[in-house]
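Asker: build me a model:
(4 chains)
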2 protein chains.
Amino acid sequence: MEDAIAAVRLFNRFYTRRVGALNQRFLGTELSLPEARLMFEIIHAERPLAAVELQKLLDMDAGYLSRVLSRFEARGWIVRAVGDGDARRRTIAATGAGRAIFDVVDKRQRDEVTQMLRSLAQAQQSDLVAALGTARTLLDPAPGRDYLIRPWRTGDLGLLAARQAILYREEYDWGLGLESNVAETAANFLKNFREGRDGGWIAEVAGAMAGSVLLTDEGEGLSRLRLLYVEPMARGRGIGEALVQRCLTFAREAGFTAMTLWTHAVLTSARRIYAAHGFEITETWTHDEFGPEVESEMWLAKL
Amino acid sequence: MEDAIAAVRLFNRFYTRRVGALNQRFLGTELSLPEARLMFEIIHAERPLAAVELQKLLDMDAGYLSRVLSRFEARGWIVRAVGDGDARRRTIAATGAGRAIFDVVDKRQRDEVTQMLRSLAQAQQSDLVAALGTARTLLDPAPGRDYLIRPWRTGDLGLLAARQAILYREEYDWGLGLESNVAETAANFLKNFREGRDGGWIAEVAGAMAGSVLLTDEGEGLSRLRLLYVEPMARGRGIGEALVQRCLTFAREAGFTAMTLWTHAVLTSARRIYAAHGFEITETWTHDEFGPEVESEMWLAKL
DNA sequence: CGTATATAGTTGACTCTGTCAATTAACTGC
DNA sequence: GCAGTTAATTGACAGAGTCAACTATATACG
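Answerer: Below you'll find the predicted structure:
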């Protein structure tokens, strides 16, 4: 905990300076930082918002907001329309002139960021995206709901093996046995991978890995689902379901006639998904390969 | 690149709001945000600094700084001493009273961060530390020099396999063959790991993985160094050297009489380290297991 | 040595940011 | 219809931050 606090504060200091540096660049443009933030929200809103909504969105003082809006209106950047049933509220919409002004600032800011990223190689840029995404997802108390499922690419297998080793240790105290097993499964997947017969899919939230699943060809029309998992921070939005669905679709299209999988009794939410898709238990036993004694299960579904 | 720019700007907006929220909490304390930042630098400086140095460090306006410093002096929080040869410069040092005032604000700020982290599990906290560390290291044009070398722990093997697969693809266009090879080596390390006979070490910069090396027992007094690598962002500060040194020390203490390793001719900086530690080439051949044709080498050192 | 130029620091004048409390007008619940 | 709440505005004010002018000292150079 101490380390984490120190790291966050260090980053805060770093980023305060960094943001400060970025904000100075607003100089010479027509909008200051708070003005630009406001204009951003006005322009990107799905519908014209009232002042209160902007105030809550940006955590701005009502009085200050009122004055800035008056200034915007005087300059012809926004129009305030009475409407929507409540005569106190006036919905705010950007005019063409307002958009034009914002575009200039927006472009300027974009160029700043571009400049900042220019020195980074491709791989480092994706590292940065993943790192910022992870940080945001962890710090944001109300994160976005959207995820993305994509085929696996270089590095994903190692990463998902790492995540699962950490996760299962944290949640069930499974140790080296589990980590070794996962690593071996991942290594074999890479070693035997045949396009069209095997498949791997990664769920992403904000550019960071949020879950995964693999499908391997076991011969004679049998496929096997492997290494399904969803990050704790990304649970409860149907990612596991979507990953399994992706696997089943792929297997059907590839002509597999059945799918098997190995799981454990404690993994209740995964088991629920399997059961919902026609999987049935074919075998159960207990082992202590992972450390604590666990109840192991083989499941099978006809496709 | 587009994605990266969008991700950075999204994070900027998120963090600007977050920092804004944190800064409001300075209210009710004796120091405002800029004052606290200034006091932080004064207190944590290795030697008393002059105003110009603080000005550059914090990117502050000289006039504003001058006024804030006068205020601090009037309140007895700092002393300005003439000295250091240049009669224009006055070095600034915090008094006991200044430190006491800062400690209160510092504690308040610490509590805020603690509050923010309270909802995160242990594993999520280390994720956050690593993510913020990675982001900072990538964005900071003049990053710190210090690294840390520690024994491997859960998740490291998968992560280092992922990093090497990405890195070697980026730098040498090595593909699935390399990724598979690295994954298998990592999996075998986990499978056969014996405390005291095998070893793995991770270099960390700002909480994020910056390099690694493994040592395995090959039988009959022979040890083998494997999977040495250093992140591009962390190169040029002797991390590779330190990792190899760690390996050699471990091998000698464990009673190994020789150490072998497999490398490739293109990996020149690694080869330099091996040569400097008494390794010599015993065998060379070419292969295209990784995609492009490469020159492979076995090295050996007596211990 | 003396002069030009640069640097450290201060000060005055000013604008923008942000807070707080008071006020008006409209809405909501009962 | 009335009490209490909410949206928005306004006045007063303090702090943040910029800019230009100015003093004092240091450095470069013929």
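
Asker: residue A:246 and residue B:117: what is the separation?
Answerer: Distance of residue A:246 to residue B:117, given as CB to CB, to the nearest Å: 34 Å. The way it works is simple: take the backbone N, C-alpha and C, and place the C-beta from them, glycine included.

Asker: can I assume residue A:223 sits in a strand?
Answerer: Yes - counting by DSSP: H, G, I helix; E, B strand; the rest coil, residue A:223 is located in a strand.

Asker: bridging residues for it?
Answerer: With DSSP bridges applied, residue A:223 shows beta-bridge pairing to residue A:217, residue A:259.

Asker: check contacts around it.
Answerer: Going by CB atoms under 8 Å, 6 or more residues apart in numbering or on different chains, residue A:223 touches A:215, A:216, A:217, A:251, A:254, A:256, A:258, A:259, A:260, A:303.

Asker: tell me, how many residues neighbour the second one?
Answerer: The one in question is residue A:216. 21 (other CB atoms under 10 Å in any protein chain shown).

Asker: was I right to think it contacts residue A:192?
Answerer: Yes - counting by CB atoms under 8 Å, residue A:192 is a contact partner of residue A:216 at 7.3 Å.

Asker: any common contacting residues for these two?
Answerer: residue A:198.

Asker: ok, now how distant is residue A:294 from DNA strand D?
Answerer: Note on residue A:294: its distance to DNA strand D, by CB to the nearest atom of the strand, to the nearest Å, is 52 Å.

Asker: ok, now which ones touch that residue?
Answerer: Taking CB under 8 Å, 6+ apart as the contact definition, residue A:294 lies against A:172, A:174, A:264, A:265, A:266, A:286, A:287, A:288.

Asker: do residue A:81 as well
Answerer: Neighbours of residue A:81 in contact, by CB under 8 Å, 6+ apart: A:48, A:90, A:91, A:93.

Asker: and for the residue of the stretch 201-303 of chain A found nearest chain B, the neighbour number?
Answerer: Residue nearest to chain B within the stretch 201-303 of chain A (CB to the nearest CB): residue A:207, separated by 5.8 Å. By other CB under 10 Å, the residues close to residue A:207 number 24.

Asker: repeat that for residue A:194.
Answerer: 9.

Asker: need the contact list for the closest residue to it other than its chain neighbours.
Answerer: Once flanking residues are discounted, residue A:194 sits nearest to residue A:217: 6.9 Å by CB to CB, 6 or more residues apart in numbering or on different chains. Shown in contact with residue A:217 (CB under 8 Å, 6+ apart): A:194, A:197, A:198, A:223, A:256.

Asker: residues in contact with residue A:9?
Answerer: Applying CB under 8 Å, 6+ apart, the residues near residue A:9 are B:109, B:110, B:113.

Asker: buried only: go through those for me.
Answerer: Of the members of these, the ones counted as buried by neighbours, 16 or more other CB atoms under 10 Å in any protein chain shown, are B:109, B:113.

Asker: how about CSV for the contacts of residue A:9, with distance to residue B:187 added?
Answerer: Compiled in CSV, the contacts of residue A:9 are given as follows (distance: CB to CB, whole Å):
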residue, distance to residue B:187
B:109, 44
B:110, 42
B:113, 38
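
Asker: closest to residue A:152 out of the contacts of residue A:9?
Answerer: The closest of these to residue A:152 turns out to be residue B:113 (CB to CB; 35.9 Å).

Asker: now do the strand or helix carrying the closest one: which elements does it pack against?
Answerer: Element membership of residue B:113 [criterion: DSSP states H and E] is helix B:96-117. In terms of contacts (3 or more CB pairs under 8 Å, 6 or more residues apart in numbering or on different chains; DSSP states H and E), helix B:96-117 is packed against helix A:2-24, helix B:33-44.

Asker: okay, it in PDB with CA atoms only?
Answerer: C-alpha atoms of helix B:96-117 as PDB (Å, rounded to 0.1, in the frame of the first residue of the first chain):
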ATOM      1  CA  GLY B  96      11.300  24.000  10.900                       C
ATOM      2  CA  ALA B  97       8.000  25.900  10.800                       C
ATOM      3  CA  GLY B  98       7.900  25.600   7.000                       C
ATOM      4  CA  ARG B  99       8.400  21.800   7.300                       C
ATOM      5  CA  ALA B 100       5.700  21.600   9.900                       C
ATOM      6  CA  ILE B 101       3.200  23.400   7.700                       C
ATOM      7  CA  PHE B 102       4.200  21.300   4.700                       C
ATOM      8  CA  ASP B 103       3.800  18.100   6.700                       C
ATOM      9  CA  VAL B 104       0.200  18.900   7.500                       C
ATOM     10  CA  VAL B 105      -0.600  19.400   3.800                       C
ATOM     11  CA  ASP B 106       1.500  16.400   2.800                       C
ATOM     12  CA  LYS B 107      -0.400  14.200   5.200                       C
ATOM     13  CA  ARG B 108      -3.800  15.500   4.000                       C
ATOM     14  CA  GLN B 109      -2.800  14.800   0.400                       C
ATOM     15  CA  ARG B 110      -1.600  11.300   1.400                       C
ATOM     16  CA  ASP B 111      -4.900  10.600   3.000                       C
ATOM     17  CA  GLU B 112      -6.700  11.600  -0.200                       C
ATOM     18  CA  VAL B 113      -4.600   9.200  -2.300                       C
ATOM     19  CA  THR B 114      -5.100   6.500   0.300                       C
ATOM     20  CA  GLN B 115      -8.800   7.000   0.100                       C
ATOM     21  CA  MET B 116      -8.600   6.700  -3.700                       C
ATOM     22  CA  LEU B 117      -6.800   3.400  -3.500                       C
END
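
Asker: residues in contact with the residue of the stretch 101-250 of chain A found nearest DNA strand C?
Answerer: When scored by CB to the nearest atom of the strand, the stretch 101-250 of chain A has residue A:105 as its residue closest to DNA strand C, at 11.9 Å. By CB under 8 Å, 6+ apart, the contact set of residue A:105 is A:26, A:29, A:30, A:31, A:36, A:39.

Asker: how about these in JSON lines, adding pLDDT, neighbour count and distance to DNA strand C?
Answerer: As requested, the contacts of residue A:105 are exported to JSON lines (pLDDT from 0 to 100; neighbours: other CB atoms under 10 Å in any protein chain shown; distance: CB to the nearest atom of the strand, whole Å):
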{"residue": "A:26", "pLDDT": "65", "neighbour count": "18", "distance to DNA strand C": "8"}
{"residue": "A:29", "pLDDT": "74", "neighbour count": "17", "distance to DNA strand C": "11"}
{"residue": "A:30", "pLDDT": "81", "neighbour count": "15", "distance to DNA strand C": "10"}
{"residue": "A:31", "pLDDT": "87", "neighbour count": "21", "distance to DNA strand C": "8"}
{"residue": "A:36", "pLDDT": "90", "neighbour count": "20", "distance to DNA strand C": "9"}
{"residue": "A:39", "pLDDT": "93", "neighbour count": "24", "distance to DNA strand C": "11"}
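
Asker: columns distance to residue A:140 on top of those, output as CSV?
Answerer: Below are the contacts of residue A:105 laid out as CSV (distance: CB to CB, whole Å):
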residue, distance to residue A:140
A:26, 25
A:29, 28
A:30, 31
A:31, 26
A:36, 21
A:39, 23
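
Asker: dump those residues to JSON lines, plus distance to chain B.
Answerer: Listed next are these as JSON lines, based on distance: CB to the nearest CB, whole Å:
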{"residue": "A:26", "distance to chain B": "12"}
{"residue": "A:29", "distance to chain B": "16"}
{"residue": "A:30", "distance to chain B": "19"}
{"residue": "A:31", "distance to chain B": "14"}
{"residue": "A:36", "distance to chain B": "10"}
{"residue": "A:39", "distance to chain B": "13"}
